[in-house]
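Q: Build the 3D model from these lines:
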Amino acid sequence: MFNNAFKRMPLKKRNLFQKLFHRPSPDIAVIEINNLLATLSIENISISEIAAIEKKNKAYAKKDFRAHVAAFYATYLQHCLKNLYVSDTEIKRLKMLKKLLSLDMPTILQQHAKVGDELYHKPFKEAISDSSLTRSETSFLFKLEKTFH
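A: Now for the predicted structure:
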């Protein structure tokens, strides 16, 4: 299993309209890619496997699908940052995931900003909840800010 960042999901069945008109479902592609990430390590997934899922479900052109794909990157980034430290192995896997999912740099930067913002605001709110900041809280917040902004 791949680092518990992703959990297997049951596949949705195509609805009656999709069956009648032989329409693929981008939602199914999202679930299939999720399940691939949940069952294999990033190193064991090929670009051709992802491309085959996208092609089979004609998902690659759908805007919603691209947003879901970017969310896979954000999910793994959040998983890596649980302890506020990203190892060299995790950096390597993030780079592989970027390539596997065909994500461009603006998308990656957007995901980093989103995840970093979420990780920064929670400790900030906790630190200021008692209306005073200790030296350690201030130091921690500055460290987070340097890391994510």
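Q: Low-confidence bits of the chain, can you list those?
A: 1-3, 14-15, 17-26, 59-62, 123, 127, 131, 143-149 (pLDDT under 70).
Q: In it, where's the longest helix?
A: If each helix of the chain is counted by residues according to DSSP state H, the longest one is helix 105-128.
Q: which helices and strands sit right next to that helix?
A: When contacts are defined as 3 or more C-beta pairs under 8 Å, 6 or more residues apart in numbering; DSSP states H and E, helix 105-128 sits against helix 63-80, helix 135-148. Every C-beta, even on glycine, is put in place using the N, C-alpha and C of the backbone.
Q: List the buried residues in that helix.
A: By 16 or more other C-beta atoms under 10 Å, the buried positions in helix 105-128 come out as T107, I108, Q111, H112, V115, G116, L119, Y120, F124, A127.
Q: Pull the distance from stretch 40-55 to the chain's centre.
A: Distance of stretch 40-55 from its chain centroid, counting by C-alpha atoms, centre = their mean, to the nearest Å, is 15 Å.
Q: For that stretch, C-alpha coordinates in CSV please.
A: Extracted in CSV, the C-alpha atoms of stretch 40-55 (Å, rounded to 0.1, in the frame of the first residue of the first chain):
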residue,chain,number,x,y,z
LEU,A,40,1.1,0.9,-5.8
SER,A,41,4.0,3.1,-4.9
ILE,A,42,4.6,6.0,-7.2
GLU,A,43,7.8,4.4,-8.5
ASN,A,44,5.7,1.4,-9.7
ILE,A,45,3.2,3.4,-11.7
SER,A,46,3.9,4.3,-15.4
ILE,A,47,2.7,7.3,-17.4
SER,A,48,1.2,4.9,-19.8
GLU,A,49,-1.0,3.4,-17.1
ILE,A,50,-2.4,6.9,-16.2
ALA,A,51,-2.8,7.7,-19.9
ALA,A,52,-4.7,4.5,-20.5
ILE,A,53,-7.2,5.3,-17.7
GLU,A,54,-7.6,8.8,-19.1
LYS,A,55,-8.1,7.6,-22.6
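Q: Just send the buried residues of helix 105-128 back as JSON lines, with distance to K7 too.
A: What follows is the buried residues of helix 105-128, written out as JSON lines (distance: C-beta to C-beta, whole Å):
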{"residue": "T107", "distance to K7": "23"}
{"residue": "I108", "distance to K7": "23"}
{"residue": "Q111", "distance to K7": "19"}
{"residue": "H112", "distance to K7": "23"}
{"residue": "V115", "distance to K7": "18"}
{"residue": "G116", "distance to K7": "24"}
{"residue": "L119", "distance to K7": "21"}
{"residue": "Y120", "distance to K7": "26"}
{"residue": "F124", "distance to K7": "29"}
{"residue": "A127", "distance to K7": "31"}
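Q: All good on my end, thank you.
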